[in-house]
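In: What follows is a predicted protein model with its sequence.
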Amino acid sequence: MIAATDLIKIGVLGGPHGTKGAISLLFHDNVSFETIPAFLVLEIDSLFVPFRLLSWEEKKNTVQVQLKGIDSPEEANKYTHFNAYLFRSDMDTEELIFTELEGFTIIDQTGKNRGKVKVVDESTQNVILETEDGVLFPFHEDLLLDFNEENKTITLQIADGL
């Protein structure tokens with residue numbers, strides 16, 4: 001069984017592309033790796049299922065992937081909006097992968113718990129962390145006071161009024 005700790009979320013599958021079952025992968029900008037990985041892991045019914053990668057073609061912020069066993073647009077369509085992961089061992093993990101912040105607790109400069117990160121929004125140049133209660137916080141390395149991976153906490157300099 002594949003553990004979540006063995007994986008890094010790299011994006012989400014979009015729709016089918018072409019007639020042979022290729023799928024668009026909406027790729028997070030800050031993900032990098034040295035070689036094309038052998039497997040793409042999909043989260044299906046809360047389980048992590050590896051698919052052999054047959055091809056990988058980059059196009060701006062998307063990648064067209066062909067997965068073994070998916071050979072028609074109808075079959076590819078079944079996987080639309082599924083979260084996509086790579087094994088940590090396939091990644092260059094020196095950079096922070098923003099999606100890994102999901103589940104971390106935000107602490108402000110006074111030590112106050114501001115909530116647990118539910119969603120990381122990277123759709124704009126400014127990364128936004130949304131807590132479980134819907135509060136939005138900007139995330140930038142200039143605002144980062146402490147990052148504790150073991151305790152799953154992020155301490156941020158948060159402006160008055162947020």
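Out: Noted; the coordinates are in hand.

In: who touches residue 78 in this structure?
Out: For residue 78, no contacting residues are found, by Cβ atoms under 8 Å, 6 or more residues apart in numbering. Heads up, the C-betas are built off the backbone N, CA and C, glycines and all.

In: try residue 50
Out: Counting by Cβ under 8 Å, 6+ apart, residue 50 touches 2, 39-41.

In: And residue 109, by the same measure?
Out: Under the criterion of Cβ under 8 Å, 6+ apart, the neighbours of residue 109 are 145, 155-158.

In: and residue 115, how many neighbours?
Out: A count of neighbours around residue 115, defined by other Cβ atoms under 10 Å, yields 16.

In: Contacts only, for it.
Out: Contacts for residue 115 (Cβ under 8 Å, 6+ apart) come out as 105-106, 131-133, 135.

In: Residue 70: what secondary structure?
Out: For residue 70, the secondary-structure state derived from DSSP: H, G, I helix; E, B strand; the rest coil is coil.

In: ignore the last one, residue 124
Out: When the structure is reduced to helix, strand and coil (three-state DSSP), residue 124 reads as coil.

In: If you tally nearby residues, what's the number for it?
Out: 7.

In: Which parts of the chain are helices?
Out: With DSSP state H, the ranges of helices along the chain come out as 73-77.

In: domains of it?
Out: Under automatic domain parsing, the residue ranges defining each domain of the chain are 4-95, 99-156.

In: for the protein, which strand is longest?
Out: In terms of residue count, the longest strand belonging to the chain (DSSP state E) is strand 47-59.

In: partner strands of that strand, parallel or antiparallel?
Out: Paired strands of strand 47-59, with direction, are strand 39-44 (antiparallel), strand 62-67 (antiparallel) (DSSP bridges).

In: Throw these into JSON lines and include mean pLDDT and mean neighbour count, thanks.
Out: Formatted as JSON lines, these follow (pLDDT from 0 to 100; neighbours: other Cβ atoms under 10 Å):
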{"stretch": "strand 39-44", "mean pLDDT": "91", "mean neighbour count": "19"}
{"stretch": "strand 62-67", "mean pLDDT": "86", "mean neighbour count": "20"}
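
In: which regions of this structure sit below the pLDDT cut-off?
Out: In the prediction, the chain carries residues with pLDDT under 70 at positions 28-35, 60-61, 91-99, 123, 162.

In: 80 - rerun?
Out: Counting by pLDDT under 80, the chain shows low-confidence ranges at 5, 27-36, 58-62, 88-100, 122-126, 141, 149, 160-162.
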